[in-house]
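*Asks:* Have a look at this prediction, sequence included:
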Amino acid sequence: MDFGLSEEQVLLEETVRRYLADNCPTSRVRTVMESESGQDEKLWGGLMELGLGGLIVPEEHGGLGSEFLDLALIAEELGYAAAPGPFLGASMATVALCKGDESSLQERWLPAVAAGEAMGTVAVGEPGDCWDPDQIQTRVEEGTVTGSKPLVPYASLADFLVIAARDESGPGLWLAESGEPGIEITPLQVNDQTRRLDAVELREVPVTRLGGEDAFAAMRDAGLVLIAADAHGGSRRCLDMATEYALQREQFGQVIGMFQAVKHQLANLASELEPGLSLYWYAAHAFDRIPEQGPRHAAIAKARLSDLYDRAARDSTELHGGIGFTWEFDLHLWFRRSMFDRSFLGDANYHRSRAADLAGW
């Protein structure tokens with residue numbers, strides 16, 4: 001049995017990697033970070049031309065109908081490059097549309113998403129760092145939604161919002177078009193400036209039901225896998241930067257990479273990082289092929305890789321010494337991304353507990 005990537009997946013990964021290497025150096029990342037919108041239309045447009053927007057959209061709606069693993073591979077490369085932009089929220093919104101049961105919304109939005117002409121985002125979390133469907137307080141009554149969503153990716157740029165809410169039948173997903181009356185968006189000052197977040201207040205906003213709890217679960221699982229993939233890419237970049245520095249920086253007449261303590265620290269990171277690849281690969285595979293196992297493996301991948309990313313960023317910063325803590329040195333770009341990946345959609349402890357519950361422990 002072949003547990004590797006297909007030739008097409010390897011080519012996709014290499015294509016995105018080359019595109020980001022050519023078009024997303026850290027100087028450009030910093031420019032976008034300091035912009036008002038936090039979005040680089042040219043960079044995003046290039047990714048759309050590569051087919052990112054329609055990658056997992058079914059062929060009948062103008063997409064490529066690819067596996068979810070293909071999207072996760074792109075997330076890893078974006079994480080390695082610290083690429084700014086709305087990829088996470090937009091991808092989760094696309095998954096929600098694909099997994100929803102409202103054909104009219106699919107027919108309206110999926111062709112535009114696939115063509116790069118429209119973009120969605122997701123409004124999931126509730127005040128108090130609540131991400132579980134049972135904790136959702138945002139309510140839908142008589143075709144309108146009311147509630148608070150404090151952490152919404154790029155809400156100000158989205159054409160539609162996929163909102164986690166509940167009605168008399170329980171939790172589910174509803175879609176609201178941007179610009180509807182009752183939507184109030186407030187930009188937030190966040191640590192990770194490569195991925196902007198907005199606070200969104202919803203006051204009797206007209207919505208259309210997109211799907212029930214199954215659609216919510218699929219959207220969340222997709223987000224967890226994409227964050228895990230981003231964390232793996234970011235961890236790889238931290239390790240590469242630390243290794244390069246250890247082979248250049250001299251102390252006491254020799255490069256610091258010759259010191260046993262430094263060797264062990266880098267070796268420990270490398271030995272933990274490589275097996276992490278299989279975690280998000282399998283979680284992405286399960287999302288498509290073994291859906292009954294998908295939620296547990298998505299939770300495991302997110303918990304493990306976000307934890308590892310946090311440690312890789314901290315250890316790499318320490319290995320760089322004083323320069324690693326400066327604004328001028330690029331390592332903080334990945335340090336900040338690790339903070340986002342650690343907390344968005346729930347922290348590692350929360351998802352380890354979920355994984356245990358899903359396993360029946």
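*Replies:* Yep, that arrived. This structure is a prediction, so every number in the text was calculated from the model and none was measured.
*Asks:* which stretches of the protein form helices?
*Replies:* Counting by DSSP state H, one finds helices in the chain at the ranges 7-23, 26-33, 41-49, 68-81, 87-99, 103-114, 213-246, 260-289, 294-319, 331-343, 348-358.
*Asks:* Same list (those helices) but as JSON lines, adding distance to Val190, mean neighbour count and mean pLDDT.
*Replies:* Glycine gets a C-beta too; all of them are placed from N, C-alpha and C. JSON lines is the format used below for those (distance: least, Cβ to Cβ, whole Å; neighbours: other Cβ atoms under 10 Å; pLDDT from 0 to 100):
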{"stretch": "helix 7-23", "distance to Val190": "22", "mean neighbour count": "15", "mean pLDDT": "96"}
{"stretch": "helix 26-33", "distance to Val190": "11", "mean neighbour count": "16", "mean pLDDT": "95"}
{"stretch": "helix 41-49", "distance to Val190": "19", "mean neighbour count": "15", "mean pLDDT": "95"}
{"stretch": "helix 68-81", "distance to Val190": "17", "mean neighbour count": "25", "mean pLDDT": "97"}
{"stretch": "helix 87-99", "distance to Val190": "13", "mean neighbour count": "26", "mean pLDDT": "97"}
{"stretch": "helix 103-114", "distance to Val190": "25", "mean neighbour count": "18", "mean pLDDT": "96"}
{"stretch": "helix 213-246", "distance to Val190": "15", "mean neighbour count": "25", "mean pLDDT": "94"}
{"stretch": "helix 260-289", "distance to Val190": "24", "mean neighbour count": "17", "mean pLDDT": "88"}
{"stretch": "helix 294-319", "distance to Val190": "16", "mean neighbour count": "24", "mean pLDDT": "95"}
{"stretch": "helix 331-343", "distance to Val190": "8", "mean neighbour count": "23", "mean pLDDT": "96"}
{"stretch": "helix 348-358", "distance to Val190": "19", "mean neighbour count": "17", "mean pLDDT": "95"}
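*Asks:* looking at those helices, which is closest to Pro153?
*Replies:* helix 87-99 (3.2 Å; Cβ to Cβ).
*Asks:* Same list, the helices of the chain, but as JSON lines with distance to Ile183 please.
*Replies:* Converted to JSON lines, the helices of the chain look like this (distance: least, Cβ to Cβ, whole Å):
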{"stretch": "helix 7-23", "distance to Ile183": "33"}
{"stretch": "helix 26-33", "distance to Ile183": "25"}
{"stretch": "helix 41-49", "distance to Ile183": "23"}
{"stretch": "helix 68-81", "distance to Ile183": "28"}
{"stretch": "helix 87-99", "distance to Ile183": "15"}
{"stretch": "helix 103-114", "distance to Ile183": "17"}
{"stretch": "helix 213-246", "distance to Ile183": "20"}
{"stretch": "helix 260-289", "distance to Ile183": "30"}
{"stretch": "helix 294-319", "distance to Ile183": "29"}
{"stretch": "helix 331-343", "distance to Ile183": "24"}
{"stretch": "helix 348-358", "distance to Ile183": "28"}
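*Asks:* care to break the protein down by domain?
*Replies:* Using automatic domain parsing, the domains assigned to the chain come out as 7-114, 120-212, 215-358.
*Asks:* Could you verify my assumption that Glu83 touches Cys24?
*Replies:* Residue 83: Ala, not Glu. Yes. With contact defined as Cβ atoms under 8 Å, Ala83 reaches Cys24; the gap is 5.1 Å.
*Asks:* okay, and the common contacts of these two?
*Replies:* Taking Cβ atoms under 8 Å, 6 or more residues apart in numbering as the criterion, Ala83 and Cys24 both touch Leu43.
*Asks:* between these two, which one's more packed in?
*Replies:* Ala83 (28 against 22; other Cβ atoms under 10 Å).
*Asks:* how much space between that one and Gly38?
*Replies:* Separation of Ala83 from Gly38 (Cβ to Cβ, to the nearest Å) stands at 12 Å.
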